[in-house]
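Undergrad: 3D model of this:
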Amino acid sequence: MKHLQTLLTLLPLLFTFSVAVAGITNTPSDFPSPTPAPTPETPLKLPAIIADHMVLQQKLADPIWGWDTPGTRVTVSFAGKEYTATAGSDGRWVVKLDPMPANATPQTMTITGSSKRELADILIGEVWMCSGQSNMEFRLAEDSNGPVEAASANIPGIRLITVPHVGTQELQKDFKGEWTPCNPGSAAKFSAVGFFFGRYLHQILNVPVGLINDSWGGSSAEAWVRRSSLEQDPRFKPLIERTVKRESGINSGLAKSEYEKQMAAWQVASDKDKAEGKPLPRQPSDPSVFLTDQHRPGNIFAGMVYPTLGYGIKGVIWYQGESNAGQAYEYNVLFPFLIEQWRKEQGQGDFPFYWVQLANYQATKPQPSESNWAELREAQTKTMQLTNTGQAVIIDLGNGINIHPRNKHDVAARLVRWALVKDYGVQTPGSFMPFRSPEFQSVAFAGNKATVTIDSFGSQLRPFGTEEVTGFALCGPDQVWHWAKGKVLGKNQVEVISDEVPAPLAVRYAWADNPVCNLYSVDGLPLTPFRTDDFPISTAPKPSPQPGTAAQVAPLSPTAQASPGSVHSASLKTTNQPSTPAVIHP
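TA: Below you'll find the predicted structure:
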């Protein structure tokens, strides 16, 4: 009886529970049935630069790489051949394709690992990286003839890819971007210098061309180099010390505190000027931006260069230097170091590296004076001592009031001559194609005259617009510079005279931010700016004055202390130059 009573007591509870269970079973939305196990995400991943529409560098063992589950065997099939690799402990795998000739017929690449990928519309031809600061980043749409050039840019044999701005100290494995066939839309947004350079190659060589736009406006050269490489070289100790001091100030909060004070003062001044209808003062810059900007050493290398390393290229074109003009002395070692490091990092030998020398810019000075832009141009010229390098001189293509001259076509036309002649052996019909601007070779002093000999590389000199050559300056033992008149003698000499310098000891040409100069080769290439002296330059480190001593003018060096009738060779010896002048040291 006792058990029966217990059972009767539990029956209502059991009934309620059964109804509840029935309700749950019949209401999937309240208690869904178990979801089937999700399909694992494909672990096979490719970098953005290895994708549809890419151009592979011809006649090179092009690396193809990506990531997969460690230990996975990956097979790459292309052009009738297969290549295999195994993903390492970090998941990375890489194969190298056999060198192949140019091929404008689109091909497909199949990559099989944990999953399968097919890349379509792949061409084989010439690949160039276009790098530097704003004048390289300067878009085709902004060129003086940009709208017309872009409208005519339906050229599927040219492929374009742009690396976005990323400033970081952490090495990036990839970037967000994609290859696109060249058309009016993609060309308009691409580097104007890069586009014109690539179009010339495509039309003259009749092969596909791939262009990688890896540029950042306002960038400093030190940001384009691996930071640890700079830290390990004692020549860059001052640069790294400046950087660490700046970083410490930001991280400690001192810079933020000062910035907040500046912002408060700026707000007060802005409110006052606004009320009075005056232009507003410039807003202070947030110092913490430096941590991710285009100036911090190593930032661009880690964020924009590193993800592209290994991709097969023919060479690099470079347009940069404006942001380093104040450190031109340092640029003498920094720029060649950058080139050497890029070649080392890329692992494809001493590939061609051609750059654009700084254009003329800023106000024209009434008298000869020091110029950090001239000093940086000299550093660029001296860097031609490195093998497989070249320089497009554009001292006549700038704009005094705009640091971004809009005529990028002529810039690229001078730059591409180097590649056409040095790398592809192109000649003009019946003759050698001129590609190198004339350069200083030697100078002889006699009485009140200086006779400058120019290496015109098989051409000859001509002044533009008048028989008198402008742009020269002379100085005597007092090191005071005066404008001088020039006259072309024969094919490659210039006689230089100034009434104010009876016994000249040194010569300069186009040594100014925005010089007035007019000497060219008959082929239309301007004479490279130069100096024959080795006086201390304005951007050189200043020695600390000793107590009780007065500042003194630096004495002439033995090479600059030329006597009347002597010959002085003091220019910019390069590996590409047949003559053998001495080297100017900063």
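Undergrad: count the neighbours of the residue lying closest to Cys182 once chain neighbours are set aside for me.
TA: If the residues on either side of it in the chain are set aside, Cys182 comes closest to Ile158, at 3.8 Å by CB to CB, 6 or more residues apart in numbering. Yep, even glycine has a C-beta here, placed from its N, CA and C like the rest. Counted by other CB atoms under 10 Å, the residues lying close to Ile158 total 27.
Undergrad: how about Ala374?
TA: Residues lying near Ala374 (other CB under 10 Å) number 26.
Undergrad: in terms of residue numbering, what are the domains of the protein?
TA: 55-215, 439-539+553-568 (automatic domain parsing).
Undergrad: between the ones you listed, which one is nearest to Gly321?
TA: In terms of CB to CB, the element of those nearest to Gly321 is domain 55-215, at 7.9 Å.
Undergrad: go through the longest strand seen in the chain and flag the buried ones.
TA: The strand that spans the most residues within the chain, counting by DSSP state E, is strand 116-132. Using 16 or more other CB atoms under 10 Å as the test for burial, strand 116-132 gives 117, 119, 122-132.
Undergrad: try stretch 207-218
TA: Those would be Val207, Pro208, Val209, Gly210, Leu211, Ile212, Asn213, Asp214, Ser215, Trp216, Gly217, for stretch 207-218 by 16+ other CB under 10 Å.
Undergrad: kindly report the same for stretch 150-163.
TA: Ala150, Ala153, Ile155, Gly157, Ile158, Arg159, Leu160, Ile161, Thr162, Val163.
Undergrad: what about that stretch, start to end distance?
TA: End-to-end span of stretch 150-163 (CA to CA, to the nearest Å): 20 Å.
Undergrad: check what contacts it and list those residues.
TA: 48-49, 53-55, 104, 123, 125, 140-141, 175, 177-184, 186-190, 195, 198-199, 202, 207-214, 304, 307-308 (CB atoms under 8 Å, 6 or more residues apart in numbering).
Undergrad: now the residues you listed: which count as buried?
TA: Buried among the contacts of stretch 150-163 by 16+ other CB under 10 Å: 48-49, 53-55, 123, 125, 140-141, 175, 177, 179-182, 184, 186-188, 190, 195, 198-199, 202, 207-214, 304, 307-308.
Undergrad: give me the subset of those lying in strands.
TA: Reading strands off the buried ones among the contacts of stretch 150-163 with DSSP E, I get Val55, Leu123, Gly125, Thr180, Pro181, Cys182, Val209, Gly210, Leu211, Ile212, Asn213, Asp214.
Undergrad: list the beta-bridge partners for the last one.
TA: The one in question is Asp214. Counting by DSSP bridges, Asp214 forms beta bridges with Ser131.
Undergrad: and it, what is it in contact with?
TA: By CB under 8 Å, 6+ apart, the neighbours of Asp214 are Met129, Cys130, Ser131, Thr162, Val163, Met304, Val305, Thr308.
Undergrad: ditto for the fifth one
TA: For Pro181, the contact set (CB under 8 Å, 6+ apart) comprises His53, Asp121, Ile155, Pro156, Ile158, Arg159, Leu160.
Undergrad: give me the pLDDT for it.
TA: At Pro181, the predicted lDDT confidence score is 98.
Undergrad: for Pro106, see how far away the residue nearest to it when sequence neighbours are not counted is.
TA: With sequence-adjacent residues excluded and distances taken as CB to CB, 6+ apart, Pro181 is closest to Pro156, at 4.6 Å. Pro156 sits at a distance of 9 Å from Pro106 (criterion: CB to CB, to the nearest Å).
Undergrad: for Leu97, same thing?
TA: 16 Å.
Undergrad: and these two? Which one has more around it.
TA: More crowded of Leu97 and Pro106, by other CB under 10 Å: Leu97, with 20 against 13.
Undergrad: wait, the more buried one touches Tyr83, no?
TA: Yes: with contact defined as CB atoms under 8 Å, Leu97 reaches Tyr83; the gap is 6.5 Å.
Undergrad: who's in contact with the spatially most central residue of the chain?
TA: By CA atoms, centre = their mean, the chain has its centre lying nearest to Gly132, at 2.1 Å. By CB under 8 Å, 6+ apart, Gly132 lies in contact with Ser215, Ser219, Trp318, Tyr319, Gln320, Trp355, Val356.
Undergrad: of these, which is the nearest to Thr168?
TA: Closest to Thr168, out of all of the contacts of Gly132 and judged by CB to CB, is Ser219, at 13.8 Å.
Undergrad: ok, back up a step: just the ones of the contacts of Pro181 in helices?
TA: Within the contacts of Pro181, no residue falls in helices by DSSP state H.
Undergrad: helices of this protein, start to end?
TA: 2-25, 134-137, 146-151, 184-188, 192-205, 227-231, 237-252, 254-275, 299-300, 328-346, 372-382, 408-422.
Undergrad: and those helices as JSON lines, adding distance to Trp65 and mean pLDDT?
TA: Shown next, in JSON lines, are these (distance: least, CB to CB, whole Å; pLDDT from 0 to 100):
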{"stretch": "helix 2-25", "distance to Trp65": "52", "mean pLDDT": "39"}
{"stretch": "helix 134-137", "distance to Trp65": "26", "mean pLDDT": "98"}
{"stretch": "helix 146-151", "distance to Trp65": "33", "mean pLDDT": "97"}
{"stretch": "helix 184-188", "distance to Trp65": "25", "mean pLDDT": "98"}
{"stretch": "helix 192-205", "distance to Trp65": "24", "mean pLDDT": "98"}
{"stretch": "helix 227-231", "distance to Trp65": "23", "mean pLDDT": "98"}
{"stretch": "helix 237-252", "distance to Trp65": "32", "mean pLDDT": "95"}
{"stretch": "helix 254-275", "distance to Trp65": "40", "mean pLDDT": "91"}
{"stretch": "helix 299-300", "distance to Trp65": "22", "mean pLDDT": "98"}
{"stretch": "helix 328-346", "distance to Trp65": "14", "mean pLDDT": "98"}
{"stretch": "helix 372-382", "distance to Trp65": "34", "mean pLDDT": "98"}
{"stretch": "helix 408-422", "distance to Trp65": "27", "mean pLDDT": "98"}
